[in-house]
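>>> Next one to model:
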Amino acid sequence: MQTRRVIHGTAVTSLFLLLGILSILLVSPIDAQTATPAVITNTPAATSTPVFSSTLVVATPSTEIIVDPCSNPLGLQVGSFAFLRPGTTIRYLSTDSSAWMGYNTESVTVTITAGPVCNENRIWWKVAGLGLENPGWVKEFVPGIGYFVIPAENDVPNSCDAETTLAIGRPAEVYLNTRIRTAAGLDALTQTIVSAGENVLVLGGPECVDGWRWWYVQATVVDVTYQGWMAETFYERTLVADVDADNLEDDSFCGTPLGFEIEQRGYVDYGAGSPKYLRDAAGLNGTPMFSLVRNVPFIIVDGPVCRNDLNWWKIRVLASTEVIGWMAEGSSGIGYWMRPLLPFEYGYELPLPPTALSNP
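Here you go, the predicted model:
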């Protein structure tokens, strides 16, 4: 009996020991869980109290109006006549990077042969004319500079309908420096320029191209002989005529006068020469009244009258004291002393131009 109790007591002791160990293992995690846990929070830094505005901000679209620079070209068309202002560059193609075909230092009358073309935000026209060395493209307008192409007020009459003094096989005298071209027409390239006073031999023709009458001629320039096409007239001016052409008035021989009109404005321009006389009558027998220096403005009153191999115009000098008299226009051989006031010289951006002629 005693032995059984010992075993029982030992078992009980072992049981309690086991329960104690379990209590240590089980109670500690529970106590840890029941402890107040640390709370990790993201506390923002103190800031000022925000103020809310009642103003509604609305994005306003831009009011800038972008205008297409090519949207409104001049009312020109192929075949129209126009003036090129001095300082116009003629190019091979309608781009500023294209090769130069020419540069005019004076106003030139041209014919529109193509266009308009919009390139590089500019309007371009292809032009040709007796006053241009080669045809090419020009810009219509450049901001800050103005128009380079100015429409002519009236179309020029077809010179093919005018009478002619030329005949095949006959010599002819050149009145104005005139180009010989590779073909009949303003688009043809220039071979050479025959100076005023020189003779050419008419070999063939005529052909009517671009409103002009062209003759196939032969000429010698600086010991080189050329054969090509030459225009007979330039608007109302004769470029070349038979050597025996009769155009006499009061025993004088006068070329076709400049194309001034009554009441048209002009100015004196004699290049490097001396001032020109204003006389009381047309002709060298007229008494000199005043000497007119370069750039003196005037208005055409009457004329022209052919005297002493010169065409004379009656003009009113625009001065504080009214002066009216006669002045010779000059000639192709000695140079011209009178010029029409061209459109861009009026001080307006694009006025209607008078009938103006440019030297070919």
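>>> a strand runs through R316, doesn't it?
Yes - under DSSP: H, G, I helix; E, B strand; the rest coil, R316 falls within a strand.
>>> Hmm, E322 and it touching each other?
Yes - counting by Cβ atoms under 8 Å, R316 does reach E322; the two are 6.6 Å apart. Where you see a C-beta, it was placed from the backbone N, CA and C, and this is true even at glycine.
>>> Neighbour count: the two, which is higher?
R316 (16 against 8; other Cβ atoms under 10 Å).
>>> State the pLDDT value of the more buried one.
Here, the pLDDT recorded for R316 equals 93.
>>> Repeat that for V67.
So, for V67, pLDDT stands at 58.
>>> domains of the chain?
Domain assignment of the chain by automatic domain parsing yields the ranges 81-151, 159-242, 248-345.
>>> The helix or strand hosting G266: partners in the sheet, and parallel or antiparallel?
In this assignment (DSSP states H and E), G266 forms part of strand 265-268. Strand partners for strand 265-268, identified by DSSP bridges, are recorded as strand 297-307 (antiparallel), strand 338-340 (antiparallel).
>>> Where does the prediction get shaky in the stretch 51-200 of the chain?
Along the stretch 51-200 of the chain, the model assigns pLDDT under 70 to residues 51-67, 130-131, 153-159.
>>> Can you tell me what sits against whichever strand or helix holds N311?
Assigned by DSSP H and E, N311 falls within strand 310-317. Contact with strand 310-317 is made by 252, 254-255, 257-258, 260, 266, 278, 282-283, 290, 292, 296-306, 322-331, 338, as judged by Cβ atoms under 8 Å, 6 or more residues apart in numbering.
>>> Could you identify the buried members of the residues you listed?
Neighbour counting with 16 or more other Cβ atoms under 10 Å marks 254-255, 257-258, 260, 266, 278, 282-283, 290, 292, 296, 298-300, 303-306, 323, 325-331, 338 as buried within the contacts of strand 310-317.
>>> any chance of the domains of the chain in CSV, plus distance to G75?
What follows is the domains of the chain, written out as CSV (distance: least, Cβ to Cβ, whole Å):
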stretch, distance to G75
domain 81-151, 7
domain 159-242, 19
domain 248-345, 15
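>>> and of the ones you listed, who's closest to L74?
Across the domains of the chain, L74 has its closest neighbour in domain 81-151 (5.8 Å, Cβ to Cβ).
>>> what's across from the nearest residue in space to W212 that is not next to it in sequence in the sheet?
Spatial nearest neighbour of W212, chain neighbours left out: A231 (4.6 Å); criterion: Cβ to Cβ, 6 or more residues apart in numbering. Beta bridges link A231 to W214, judged by DSSP bridges.
>>> just checking, I193 touches R181?
No - I193 is not in contact with R181 according to Cβ under 8 Å; the separation is 10.4 Å.
>>> For the nearest residue to L284 once chain neighbours are set aside, grab the count of nearby residues.
The spatially closest residue to L284, leaving aside those adjacent along the chain, is N308, at 4.7 Å (Cβ to Cβ, 6+ apart). For N308, the count of nearby residues is 16 (other Cβ under 10 Å).
>>> if we can go back for a sec, look at I193 and R181 and report which has more neighbours.
Between I193 and R181, counting by other Cβ under 10 Å, R181 is the more crowded of the two (21 against 16).
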